[in-house]
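Enquirer: Kindly return the folded structure for what I paste below:
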Amino acid sequence: RAVATARTDPPSAADVDGPSPPLRLDLCTPYFNPSPDLVDTLRDVLVTGHDVNLLTADPSSHGFRSGHWAKGWVPHLYMARLEQTRQALRAAGDGDGGRGTP
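Expert: Got it, this is the predicted structure:
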C-alpha cells in the first residue's frame, strides 16, 4: 500500500515564488504486479503533472521463462499486467485521469 508523507518544514522561496518543476517517480521491479492502491497513487502522481517511469525486467530474464506448463506463462502474465497499467497511466497523462472517459 502506498503511503504519502506530509511536508512539515516551512515553505521555501521556490514554494512562495511559484510552482515547483515536475518531479519524476522511478519504479523498478522485476515482477510487476501492482496493487490497485499503487495504480491509483501512480495515476494521481501523473494527474498532478509529475512523471512516472516504470522499469521492469524483460520476460526472457525471468527464471520462469523455461518453465513448463503454468510456470511458463508467468512472464506473459507479468507483461500483460504491465501493459494494463501502462495504458491506464498513459490515459491519466493524457488528461482523462486514466479512467477511460472520452
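Enquirer: Longest helix of the protein, counting residues only.
Expert: Of all the elements of type helix in the chain, the one with the most residues (DSSP state H) is helix 74-91.
Enquirer: Buried ones in that helix, by neighbour count?
Expert: Buried residues in helix 74-91, counted by 16 or more other CB atoms under 10 Å: 74-75, 78, 81-82, 85, 88-89, 91. Every residue, glycine included, has its C-beta placed from N, CA and C.
Enquirer: where does this protein have low pLDDT?
Expert: Low-confidence segments of the chain, defined by pLDDT under 70, span residues 1-19, 62-68, 95-102.
Enquirer: Now do the strands in it.
Expert: Residue ranges of the strands in the chain, as given by DSSP state E, are 24-29, 51-56.
Enquirer: As TSV, those strands with distance to Trp69 and mean neighbour count would be great.
Expert: Formatted as TSV, the entries for the strands of the chain read as follows, by distance: least, CB to CB, whole Å; neighbours: other CB atoms under 10 Å:
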stretch	distance to Trp69	mean neighbour count
strand 24-29	25	11
strand 51-56	24	14
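Enquirer: got JSON lines for these, with distance to Asp40 too?
Expert: As requested, the strands of the chain are exported to JSON lines (distance: least, CB to CB, whole Å):
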{"stretch": "strand 24-29", "distance to Asp40": "14"}
{"stretch": "strand 51-56", "distance to Asp40": "12"}
